[in-house]
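Engineer: kindly return the folded structure for what I paste below:
(one chain, ligands or ions: 2)
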Amino acid sequence: MLLDLLAEGLVPWNVWAIVAYTLIVTHITIVSVTVFLHRHSAHRALELHPALAHFFRFWLWITTGMGTKEWTAIHRKHHATCETAEDPHSPQVMGLGKIFWKGVEMYRLAGTPETLARYGAGSPDDWVERNLYSKHTWLGIILMATTNVLLFGGIGITIWAIQMVWIPLFAAGVINGIGHFWGYRNYECGDAARNILPWGILIGGEELHNNHHTYPNSAKLSSKPWEFDIGWFWIRLFETFGLARVRSKGPVARRVEGKASLDLDTAWAILNDRFRVMSRYAEQVITPSVRTEYGKADAATRRVLRRARKALARESSIVTQRQQSTIDYVVKASHELRLIYEHRLALNEVWAKRANAEELLSGLRAWCVKAEQSGIHALQEFVTELKTYAMPAPRTA
Ligand SMILES: [Zn+2]
Ligand SMILES: [Zn+2]
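Structural biologist: Ligands and ions are numbered 1, 2, ... in the order given. The predicted structure follows:
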């Protein structure tokens with residue numbers, strides 16, 4: 001009887017049922033990590049109903065053995081010390097191979113009492129946490145293995161093994177490693193984070209890591225119309241049933257067509273939305289100027305110009321040596337590219353150096369006057385667009 005149970009399990013199954021079960025349980029784990037651990041616990045981007053939050057804690061205990069406080073603290077430290085020697089998992093500092101293959105080990109090493117005390121504030125510390133979840137980490141995992149064997153027999157162990165490697169592979173390896181190494185950048189945030197893919201399904205939306213590092217407190221990780229974040233889909237669904245409340249979803253700013261003055265309201269909106277403003281600068285000013293120069297250049301210069309668009313837009317603190325030599329070459333070769341590059345740096349300086357609202361406004365005004373006088377059409381058009389930024393109107397009840 002017991003041997004029969006071990007061989008076949010309680011329910012009649014076929015291979016598709018096993019595949020479906022594996023995909024569903026691993027997806028629930030991914031949703032628990034991205035919605036509960038990441039967006040709710042570490043970043044406070046949304047509130048969760050206590051019952052749903054506890055379901056996620058329980059699920060993470062049986063499928064990963066990870067503790068909420070440990071995960072929250074290490075992740076907050078990652079944002080606070082990104083790409084420095086203090087960063088618990090930076091492929092830029094430690095090498096991609098190490099993070100990809102030893103990501104979980106890095107997590108274990110990083111979970112020191114100091115880190116937990118410094119970055120883990122607000123994590124659950126109730127009776128179940130103290131006496132069960134963090135005290136008997138392995139018990140949950142054994143419970144999951146037993147359930148799988150009861151349901152599916154011997155093959156349940158294989159399903160369990162897949163569950164066990166899912167988070168170490170995707171969250172610790174792919175996101176923490178590749179998400180800071182390969183992919184595209186929508187925004188020039190101050191670290192090396194990249195969007196691995198525009199469709200965040202397999203890793204719950206965490207694929208959009210550059211968007212996340214740019215707006216870490218946003219509950220929504222997709223940003224462009226063609227990007228998809230399945231974690232956000234779940235959050236909206238939970239919201240419909242009163243199980244979640246979103247606190248933030250990115251920068252607060254809007255555009256008012258026809259607005260032609262640069263006032264304090266516009267200055268605040270630009271400051272809030274500065275990453276998007278800079279990505280508009282890359283699209284509207286840098287790209288067309290590089291294209292025009294490319295049309296006029298000789299073969300040798302064209303080779304360098306192919307790399308110029310990204311190099312001229314790249315956040316200065318993460319410019320590589322190769323990108324720096326591209327910049328040096330093109331600003332020497334073209335007066336127009338030198339001007340638009342200098343204007344880009346000067347615009348960054350306006351908000352980096354601001355001490356108060358008046359300084360921000362006068363800095364922006366001075367920048368706009370210079371840009372308008374530059375004689376470069378794309379820059380003048382950019383200034384016109386800048387003036388249309390505004391803060392959202394207060395809601396009338
Ligand atoms: Zn990161
Ligand atoms: Zn984060």
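
Engineer: count of neighbours near Ala308?
Structural biologist: By other Cβ atoms under 10 Å, 27 other residues sit near Ala308. For the C-beta atoms, the positions are set from N, CA and C on the backbone; glycine is no exception.

Engineer: who's in contact with it?
Structural biologist: 290, 293, 326-327, 330, 337 (Cβ atoms under 8 Å, 6 or more residues apart in numbering).

Engineer: pipe those into TSV and attach distance to Cys189, neighbour count and secondary structure per row.
Structural biologist: Listed next are the contacts of Ala308 as TSV, based on distance: Cβ to Cβ, whole Å; neighbours: other Cβ atoms under 10 Å; DSSP: H, G, I helix; E, B strand; the rest coil:
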residue	distance to Cys189	neighbour count	secondary structure
Val290	22	25	helix
Glu293	27	19	helix
Thr326	21	22	helix
Ile327	19	21	helix
Val330	24	25	helix
Leu337	24	22	helix
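
Engineer: show me the helices in the stretch 201-350 of the chain, by range?
Structural biologist: 209-214, 230-240, 264-272, 274-281, 287-296, 299-305, 308-313, 321-333, 335-352 (DSSP state H, counting those that start in this stretch).

Engineer: so which of those helices is the most packed in?
Structural biologist: helix 209-214 (a mean of 26; mean count of other Cβ atoms under 10 Å).

Engineer: just the C-alphas of that helix, formatted as CSV.
Structural biologist: Taking Å, rounded to 0.1, in the frame of the first residue of the first chain, the C-alpha atoms of helix 209-214 are listed here in CSV:
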residue,chain,number,x,y,z
HIS,A,209,15.1,45.7,-13.5
ASN,A,210,16.2,49.0,-15.0
ASN,A,211,12.7,50.5,-14.6
HIS,A,212,12.7,49.2,-11.0
HIS,A,213,16.0,50.7,-10.0
THR,A,214,14.9,54.0,-11.5
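
Engineer: point out where the stretch 201-350 of the chain drops to low pLDDT.
Structural biologist: Within the stretch 201-350 of the chain, not a single segment meets pLDDT under 70.

Engineer: quick one, domains of the chain?
Structural biologist: Domain assignment for the chain, taken from automatic domain parsing, gives 2-246, 255-390.

Engineer: now the shortest one: how far from the chain's centre is it?
Structural biologist: On the basis of Cα atoms, centre = their mean, to the nearest Å, domain 255-390 is displaced by 24 Å from the centre of the chain it belongs to.

Engineer: what's the answer for the longest one, then?
Structural biologist: Taking Cα atoms, centre = their mean, one finds the center of domain 2-246 at 14 Å from the center of the full chain.

Engineer: follow-up on the earlier one: tell me which of the domains of the chain is the most buried.
Structural biologist: Scoring those by mean neighbour count under mean count of other Cβ under 10 Å gives domain 2-246 as the most buried, with a mean of 18.

Engineer: rewinding a little: want to throw the helices of the stretch 201-350 of the chain into TSV with distance to Thr388?
Structural biologist: Listed next are the helices of the stretch 201-350 of the chain as TSV, based on distance: least, Cβ to Cβ, whole Å:
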stretch	distance to Thr388
helix 209-214	21
helix 230-240	27
helix 264-272	8
helix 274-281	11
helix 287-296	19
helix 299-305	31
helix 308-313	22
helix 321-333	30
helix 335-352	16
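
Engineer: closest to Phe56 out of those helices?
Structural biologist: Ranking the helices of the stretch 201-350 of the chain by proximity to Phe56 (Cβ to Cβ) places helix 230-240 first, at 10.7 Å.

Engineer: can I get the CA coordinates of that closest one in PDB?
Structural biologist: Only the C-alpha atoms of helix 230-240 are listed here, as PDB (Å, rounded to 0.1, in the frame of the first residue of the first chain):
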ATOM      1  CA  ILE A 230       2.600  40.200 -14.800                       C
ATOM      2  CA  GLY A 231       3.200  41.100 -11.100                       C
ATOM      3  CA  TRP A 232       1.300  44.300 -11.800                       C
ATOM      4  CA  PHE A 233      -1.600  42.300 -13.300                       C
ATOM      5  CA  TRP A 234      -1.800  40.300 -10.000                       C
ATOM      6  CA  ILE A 235      -1.700  43.500  -7.900                       C
ATOM      7  CA  ARG A 236      -4.600  45.000  -9.900                       C
ATOM      8  CA  LEU A 237      -6.500  41.800  -9.400                       C
ATOM      9  CA  PHE A 238      -5.900  41.700  -5.600                       C
ATOM     10  CA  GLU A 239      -7.000  45.400  -5.600                       C
ATOM     11  CA  THR A 240     -10.300  44.500  -7.200                       C
END
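
Engineer: so what does it touch, helix or strand wise?
Structural biologist: Applying 3 or more Cβ pairs under 8 Å, 6 or more residues apart in numbering; DSSP states H and E, one finds that helix 230-240 contacts strand 244-246.

Engineer: so what strands line up beside the strand it packs on?
Structural biologist: With DSSP bridges as the test, strand 244-246 is paired with strand 46-48 (antiparallel).

Engineer: what residues does the helix or strand following the partner strand touch?
Structural biologist: Using DSSP states H and E, the helix or strand that directly follows strand 46-48 along the chain is helix 50-63. With contact meaning Cβ under 8 Å, 6+ apart, helix 50-63 is reached by 25, 28-29, 31-33, 35-37, 40, 48, 66, 68, 124, 128-129, 132-133, 137, 140-141, 143-144, 147, 163, 167, 238, 243-244.

Engineer: what's the angle from the helix or strand just after helix 50-63 to helix 50-63?
Structural biologist: Elements were assigned by DSSP H and E; along the chain past helix 50-63, the next helix or strand is helix 68-80. Per axes from the mean of the first three to the mean of the last three Cα atoms, to 10 degrees, the angle that helix 68-80 makes with helix 50-63 is 90 degrees.

Engineer: ok, Ala219 - contacts?
Structural biologist: Contact analysis of Ala219 by Cβ under 8 Å, 6+ apart lists 39, 45-46, 232, 235, 246-249.

Engineer: how much space separates it from Glu227?
Structural biologist: From Ala219 over to Glu227 the distance is 15 Å, taken as Cβ to Cβ, to the nearest Å.
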